[in-house]
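sequence first, predicted model second:
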Amino acid sequence: MRKFLCLAVSLAFLSAVYPGCAGVEQTTRDRPKTTIGAGAGVLGGAVVGGLIGGKKGALIGGLLGGLAGGAFGHYLDEQEKDRAQTSKEYGYSPAQGTRLKMETVRANPATLSPGETVDINMTYAVLTPSENEQALVRETREILLNGKSVGKTSIDISREGGTWKSTVPITLPANATPGQYHVRASIESPTAGSDHLETFFQVQP
């Protein structure tokens, strides 16, 4: 069972977005890779919170515009490959220093109706020079509709080397605006640079 240190959770979206918050939950290898339930959004002023070395903290983000009234659910993550497997896959050597590589970002399902939940999944590699070294990684998910941001959430997590998958579910409001939503997913670290990928999901009338 792997462990991680949740150092801080931070708000990282446009000042016009009102934040909602939901639980952050650490997962273990025996936890099934299934969709998790959405938590209730809480409106209020800007909040920053987190735990040191705990299993739960606060995932903070906001939804507005075409998604106003929706809610981010519980954060879910797991390590899919260990450091040795990931390093071998990338032909990585310690001389390259700490590196991040985004592998996939997916919206599941890709088409849904108002009131339903879409999971925003990202998978990425953390390549570290030594087994004991960790990298502070900021995961950010931004949702856009017609080129305008309608939600953005970030979380900072200390990661050991390996390949990681994380999920944030978004429950759409019953009156969600139909259309194609653009998802920008990114990872960044003060010591390892950044990477990003994009995907889409469609809200049908």
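All right, it came through fine.

tally of neighbours for residue 95?
Neighbourhood size, residue 95 [other Cβ atoms under 10 Å]: 6. Placement of C-beta: from N, CA and C, glycine included.

how much space separates the closest residue to it other than its chain neighbours from residue 172?
Nearest residue to residue 95, sequence neighbours excluded (Cβ to Cβ, 6 or more residues apart in numbering): residue 129, at 7.9 Å. The gap separating residue 129 from residue 172 is 42 Å, by Cβ to Cβ, to the nearest Å.

which one of these two has more residues nearby?
Per other Cβ under 10 Å, whichever of residue 129 and residue 172 has more neighbours is residue 172, with 24 against 16.

and the pLDDT at the residue nearest to residue 95?
pLDDT, residue 129: 96.

for it, which residues are in contact?
94, 95, 96, 97, 98 (Cβ atoms under 8 Å, 6 or more residues apart in numbering).

got it, and residue 112?
Counting by Cβ under 8 Å, 6+ apart, residue 112 touches 118, 172, 201, 202, 203, 204.

try 6 Å this time
Counting by Cβ atoms under 6 Å, 6 or more residues apart in numbering, residue 112 touches residue 118.

residue ranges with poor pLDDT in this structure?
For the chain, applying pLDDT under 70 flags the ranges 1-60.

look at the residue of it most remote from its centre and give its secondary structure.
Distance from the C-alpha centroid of the chain peaks at residue 95, with 28.7 Å (Cα atoms, centre = their mean). Following DSSP: H, G, I helix; E, B strand; the rest coil, the label given to residue 95 is helix.

what distance do you get for it to residue 162?
19 Å.

same question for residue 135.
On the measure of Cβ to Cβ, residue 135 and residue 162 end up 11 Å apart.

cool, and residue 177?
Taking Cβ to Cβ, one finds residue 177 at 38 Å from residue 162.

related to what we said a few turns ago, what about the residue nearest to residue 95, which SS state?
coil.

and it, how close does it get to residue 119?
Distance from residue 129 to residue 119, by Cβ to Cβ: 33 Å.

could you do residue 199 as well?
The value you get for residue 199 to residue 119, if Cβ to Cβ is used, is 11 Å.

hang on, the earlier thing: mind putting the contacts of residue 129 into JSON lines with distance to residue 105?
Shown next, in JSON lines, are the contacts of residue 129 (distance: Cβ to Cβ, whole Å):
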{"residue": "94", "distance to residue 105": "28"}
{"residue": "95", "distance to residue 105": "29"}
{"residue": "96", "distance to residue 105": "24"}
{"residue": "97", "distance to residue 105": "24"}
{"residue": "98", "distance to residue 105": "21"}
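
tell me the most packed of the residues you listed, by neighbour count.
So for the contacts of residue 129 (other Cβ under 10 Å), the most neighbours sit at residue 98, 21 neighbours.

got a list of what the closest residue to that one other than its chain neighbours touches?
Counting by Cβ to Cβ, 6+ apart, the nearest residue to residue 98 once its immediate chain neighbours are dropped is residue 192, at 4.2 Å. Residues in contact with residue 192 (Cβ under 6 Å, 6+ apart) are 98, 99, 100, 135.
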